[in-house]
Structure formats: structure tokens, C-alpha cells
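Novice: Pasting the sequence and the predicted model now:
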Amino acid sequence: MSITRSVVRGCGSYLPARTLTNHELAGMVDTSDEWIVQRTGIRERHIAAAGEYTSDMAVHAAQGALAAAGLAPQDIDLIVLATATPDNTFPASAVAVQAKLGITSGAAFDLQAVCSGFVFALSTADSMLRAGDFKRALVIGSETFSRILDWKDRTTCVIFGDGAGAVVLEAQPQSGTKADRGVLGAKLRSDGRYKDKLYVDGGPSTTGTAGYLRMEGKEVFRHAVGMMTGAITDVLDATGTTAAEIDWFVPHQANQRIIDGCAHKLGVPSEKVISTVARHGNTSAASIPLALDTAVADGRIKPGDLVMIEAMGGGFTWGAALIRW
Ligand code: UT7
């Protein structure tokens, strides 16, 4: 039986030139390199330059993904940009990306699921490709969280960073088995009862300002491992796969302790876990495609490998997806 799958043709990523170390942060708020490393695993993060926007970073990542795929911008007919930090309230930053890439056909839109944004965007693009209306999608996560941080709040400003990552998905006929390449399954969840645990205290409809990120870190932490491993288990069950078959576990990069907790609960050994949190910090929707591109570039993730991605963030939103690279 032949079915349509969304196959990854290439990936790319971008980090702003400026790095901000824990030692520099210790000169700005009452914190220390030791506390940040011990509690999060983060050592440094990248910060966008003045005048460098979410759409600019998304374009760099998209160009990398297109080059890796051997495709031109005109080959793309769908752009889904996951971001919680758009250039403007509207239009979608995805249309800015579309215009900067010189694409004049197809559709482009933003998707807002905060740190789970890339998993939601990948699953959404996958559904649209499998429905047959689009042929090739750029799925991008791009964030400038530095612009919504309260730089006087040590409980949040040490955690987040800026960056972007992208993949090109292409609708291809496959056999319909789990040996296929492409997105094999995904599970998305949200529970708005937790919407005040991680949020931004502004917005166009409330304060008329962009606002600042607020987080009850301990509360987020308490739910993270259970929610994410629950979504992963659902994806494994739905695809008839076991955790032992996973070649690479590419989690959202929020906190090394959460990453280790998820891997341990699933029984995935640390050699199979891709971690970039030490160098990137938490880049929200960009963290997974940044980690994917890091592991593809250094030769760990190869075509045919089984890759599990997962994320959890504001909302709460959470989810997982299984991809045969
Ligand atoms: O990507 C979206 C999802 N977000 C997450 O997954 C984040 C999840 N949460 C976390 O990663 C952790 O909760 C944090 C890293 C944010 C915090 O770690 P924690 O182990 O939960 O620390 P805590 O909030 O319980 O704070 C412990 C202590 C407190 O002091 P007292 O009350 O024990 O005296 C804090 O005031 O650490 C203090 N503290 C700090 N000390 C130095 C909080 N932030 C800092 C800081 N430097 N930056």
C-alpha cells in the first residue's frame, strides 16, 4: 500500500553572533555560574543584535535547510513558523520570511504554542502535506525571547536565549510501514488550566504592550517529565515502536535535569540524547530544530535513523513526534 509521508529533505539553523555567559549574567543580577549550571545545565546563550528580528533569524535557518535539501525557495509552497516572539503583532512573521525568501505563491502562517511550537508546527505541516494540498513545507522555529525577558528577574532571565532552526518537509509516497522515511506519528496536547504558570504579562488585547515573561519554574518543572513522557509513550504505542528502537532522542532544551529525567523514565541511554542546552539555553520553539541541525551537522543523525522529538511549554502545551530521518 502506498501512502503519503512528510519526509525531511534538509535542516538548517542560526544563532546570533553575541553570546551571553553565566559570568556576565552574574554581573547583572544576583546569580552565579555555579547556580545556573547546577540547576539548568546552561553555560551560555545567544542574544539577537539590535535590529535583528525573529524573521531575520528564521530566514537564515530556512536558507540553510533549503541548501541542505538542494532546493530553491520557489520549490516551497507552505511556511509554518512557530514563534511566541513575532516581529509584529500582525502580520505573521511567516509572511515576512516568505517575502525575504522571494516566495510569491503558496501559504505562510505563524503558529503559537510557545516552547512546544516546533512539535505543533511539524505536526500541522505534516497533516497539510498528507492531505495533498501542499508539496513542500518549511517548518521553522524562531525566537527572540531576549526581547520579552525581565532582565531584573533572576528566575527567568538566566534561562532563555535567541535562535532559529528549520526543516524542509516534502510529501513523498512511502510504503505505509514504520520502515518508511518521514513523520511516522505525532501527539499534541494542551491544558489551559495551567495558563498562568508560564505566560507573558502583556499583549495587544490586554495591556497594549508586549509584556514580560513570567514563570513559576518549580510548577513547570513538576509537570514537565510526566507530560512529555506521556506524549512520547502515546506516539510509541500508536506507531508500534519501542523506546529501545529510538536512535536519537531530541528533546526541547529547557533544562538538563528535565532532559535527563525524561530519558531516564523512557530508558533511553544518555549517548542517544542530543543536548544543546549548555550552549543555547532555552530557545523555546527554536530549540528542537537547533538541536536537530547540530546533530545532523556533526554526523550523529543520519538518513534512516529513528528520531523522537518532544517539548512542553506555556499553556501548558506539550507533544511528541517520531520521525524516520
Ligand atoms: O521551556 C518552557 C518550559 N520551562 C521549563 O521547563 C522551566 C522549568 N523549570 C526549571 O527549569 C526550574 O524550575 C528553574 C531552573 C527555573 C529553577 O530551578 P529550581 O530548582 O526549581 O529552583 P527554585 O525556583 O526552587 O529556586 C531555588 C532557590 C530559591 O531560593 P530560596 O527560596 O531557596 O532561598 C530561588 O530564589 O534558588 C533561588 N534562585 C536563584 N538563585 C541564584 C532562583 N533563581 C536563581 C538564580 N540564581 N538565577
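Specialist: That came through, no problem.
Novice: confidence score at the residue of the stretch 151-300 of the chain found nearest the ligand?
Specialist: As assessed by CB to the nearest ligand atom, the ligand sits closest to G217 within the stretch 151-300 of the chain, at 2.8 Å. Every C-beta, even on glycine, is put in place using the N, C-alpha and C of the backbone. Note for G217: predicted pLDDT of 96.
Novice: One more: M1?
Specialist: 72.
Novice: How many neighbouring residues does the nearest residue to it once chain neighbours are set aside have?
Specialist: Distance criterion CB to CB, 6 or more residues apart in numbering; nearest residue to M1, sequence neighbours excluded, is G176 at 4.5 Å. The local packing of G176 (other CB atoms under 10 Å) involves 12 other residues.
Novice: And T229, by the same measure?
Specialist: Neighbours of T229 (other CB under 10 Å): 19.
Novice: Correct me if wrong: it contacts V268.
Specialist: No - using CB atoms under 8 Å, T229 and V268 do not qualify as a contacting pair, with a distance of 10.2 Å.
Novice: Let me see the contact set for the nearest residue to K302 once chain neighbours are set aside.
Specialist: Once flanking residues are discounted, K302 sits nearest to W325: 6.8 Å by CB to CB, 6+ apart. Contact partners of W325, counting by CB atoms under 8 Å, 6 or more residues apart in numbering, are 8, 181, 296, 301-307.
Novice: Specify which member of those is nearest to the ligand.
Specialist: V307 (19.8 Å).
Novice: so what strands line up beside the strand or helix carrying that closest one?
Specialist: Element membership for V307, per DSSP states H and E: strand 306-313. Strand 306-313 has the following strand partners under DSSP bridges: strand 248-251 (parallel), strand 317-324 (antiparallel).
Novice: so does it get close to the ligand?
Specialist: Yes - on the criterion CB under 6 Å from any ligand atom, strand 306-313 is in touch with the ligand at 312-313.
Novice: Quick one: name the residues of the protein near the ligand.
Specialist: Going by CB under 6 Å from any ligand atom, the residues of the chain near the ligand are 31, 35, 39-40, 115, 154-155, 158-159, 217-218, 220-221, 224, 254-255, 258, 282, 312-313.
Novice: which ones are touching A108?
Specialist: 78-81, 92, 94-95, 97-98.
Novice: Tell me the most packed of these, by neighbour count.
Specialist: Result: L81 is most packed of the contacts of A108 (other CB under 10 Å), 31 neighbours.
Novice: Now do the same for that one: its pLDDT.
Specialist: So L81 comes in at 99 (pLDDT).
Novice: Am I right that it is in contact with F120?
Specialist: No - with contact defined as CB under 8 Å, L81 does not count as touching F120 (11.5 Å).
Novice: which residues are in contact with both of these two?
Specialist: Common neighbours of L81 and F120 (CB under 8 Å, 6+ apart) are L111.
Novice: Count the residues that sit near T177.
Specialist: So T177, with other CB under 10 Å, has 10 neighbours.
Novice: tell me the contacts of it?
Specialist: With CB under 8 Å, 6+ apart, T177 has no contacts at all.
Novice: host element of it?
Specialist: Using DSSP H and E, no helix or strand contains T177.
Novice: what does A186 give?
Specialist: Going by DSSP H and E, A186 is in strand 182-190.
Novice: likewise D30?
Specialist: With DSSP H and E as the test, D30 turns up in no helix or strand.
Novice: The one 5 residues further on too?
Specialist: With elements taken from DSSP H and E, the one containing W35 is helix 33-40.
Novice: Hmm, V158 and the residue of the stretch 151-300 of the chain closest to the ligand touching each other?
Specialist: No - when contacts are counted by CB under 8 Å, G217 is not listed as touching V158 (10.5 Å).
Novice: and these two? which has more neighbours close in?
Specialist: V158 (25 against 16).
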